[in-house]
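Enquirer: build the 3D model from these lines:
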Amino acid sequence: MRLVILRDDDANATTPLHWIQACVGPFVDRGLPVQLAMIPEVATDIRLADGRLEGFLTGPMAGLRRVVPISANTALVDYVRGQRLLGVVQHGLSHRIVGNRFEFDEADSGKVAQWLDRGTRCLLDASLPKATTFVAPQDTLSRGGFTEVRRRFRQYSTGWFERSRLPVALWPKLLWMRVNEATAVWKTEGITLFSHPGCLLSYNKPVNSMASTVIDHIRNQVCTVLVLHHWEYWLNGFPDELRLDVLAEIAEFLEKSRDIEVVTFDCAAERLG
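Expert: Predicted coordinates for the structure are as follows:
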C-alpha cells in the first residue's frame, strides 16, 4: 500500500475561507484527509525580493505593519474545527523574512524555542488542536532549530535535508536516504522526518502535465507528501479553473486507487515505523 499525505501551506489570518474550500474541497468531499500548514501569527507586510507582497497575504490587512494571530480569522478557524478531515500543522510563527534570512534560519536556539512555543500557543488560543508536525517557512531550519523542533514535535516535513543543518550524528542516515530515492521518510530519536518532491502542484508547472506528473510520482514512492499552496490557485483574486480541475482529477484518482491510501502525518509515521 502506497501512502499519500496532502499538505496545503500558508493558511493565515488574512486567508479567505473560499480559497481554502476550493482547494481542499475536492479531497475532503471524497473522504480524503488534508493537513493544513497554518501560520500561527502572520506578519502582514512580508515582501519578496522584488518588492511584491507575499501571495498568501490578501484583504485590508495586507501590507500593513502588523502581526495578526490565526484566531482573528474566525471563519477559517471555525471551518477547520468543524472538519474532521482537516488536520493542523504548525507552519513557522509569522513567516517573516528579515533581510535575506528566512524566519527559522536562526542560529540562536533559544529564540527558536520561544518562537515554536509562541506558535503553539497561538494555535491553542484559537481552540485548534495541538500540532504534532512542524513545517519551516521556505523549508529552512537551522541546526539549532532542528534540535528544538525535535523536542516538541513528532514529525518534521520539508522539501529537503541539508547536511550542514542537521546534527552530525544524522549524516549517515541522510546519506542512506539519498541513496534510497524511493524512501522519503526516516525516523531518528523520536521524530519522523518527511521530505517531499517539491511543489508539483505549483502555478509554475505546466497545467497540462500536472496530474500525470503527480500520479507517476505517487506510483513510484512508498510515501509521497503532496504539497500545494491554495493561494496559487487564486492569483489576482480570481480562481484558476484549469488548475482547480487538476486538483479534482487527482482527488478522483486517489479515491479510486485501491493500492493508495491518503493518510495524516501521524498515521504515516506509525505505519512506516
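Enquirer: surely residue 116 is in a helix?
Expert: Yes - when classified by DSSP: H, G, I helix; E, B strand; the rest coil, residue 116 is found to be part of a helix.
Enquirer: all strands of the stretch 151-273 of the chain, in order?
Expert: For the stretch 151-273 of the chain, applying DSSP state E, counting those that start in this stretch gives strands covering 155-158, 185-188, 191-195, 223-228, 260-262.
Enquirer: what's the second one packed up against?
Expert: What that stands for is strand 185-188. Counting contacts by 3 or more CB pairs under 8 Å, 6 or more residues apart in numbering; DSSP states H and E, strand 185-188 packs against helix 171-179, strand 191-195, helix 265-271. The C-beta positions use only the backbone N, C-alpha and C, and glycine is treated the same way.
Enquirer: again, but for the last one
Expert: In terms of contact count using 3+ CB pairs under 8 Å, 6+ apart, strand 260-262 is assigned the packing partners strand 2-11.
Enquirer: quick check: mean pLDDT of the strand it packs on?
Expert: Average pLDDT, strand 2-11: 98.
Enquirer: what's the answer for stretch 31-44, then?
Expert: Stretch 31-44 shows a mean pLDDT of 98.
Enquirer: if you count neighbours, what's buried in it?
Expert: Buried residues in stretch 31-44, counted by 16 or more other CB atoms under 10 Å: 32-44.
Enquirer: now do stretch 202-216
Expert: Residues 203, 205, 210-211, 214-215 are the ones in stretch 202-216 that count as buried (16+ other CB under 10 Å).
Enquirer: next one: stretch 142-158
Expert: Going by neighbour count (16+ other CB under 10 Å), the buried part of stretch 142-158 is 142-146, 148-150, 152-158.
Enquirer: distance of residue 26 relative to residue 141?
Expert: To residue 141, residue 26 is 31 Å away according to CB to CB, to the nearest Å.
Enquirer: neighbour count for those two, which is higher?
Expert: Using other CB atoms under 10 Å, the more surrounded residue of residue 26 and residue 141 is residue 141, with 28 against 21.
Enquirer: isn't the more buried one right up against residue 148?
Expert: No - judged on CB atoms under 8 Å, residue 141 makes no contact with residue 148 at a distance of 9.2 Å.
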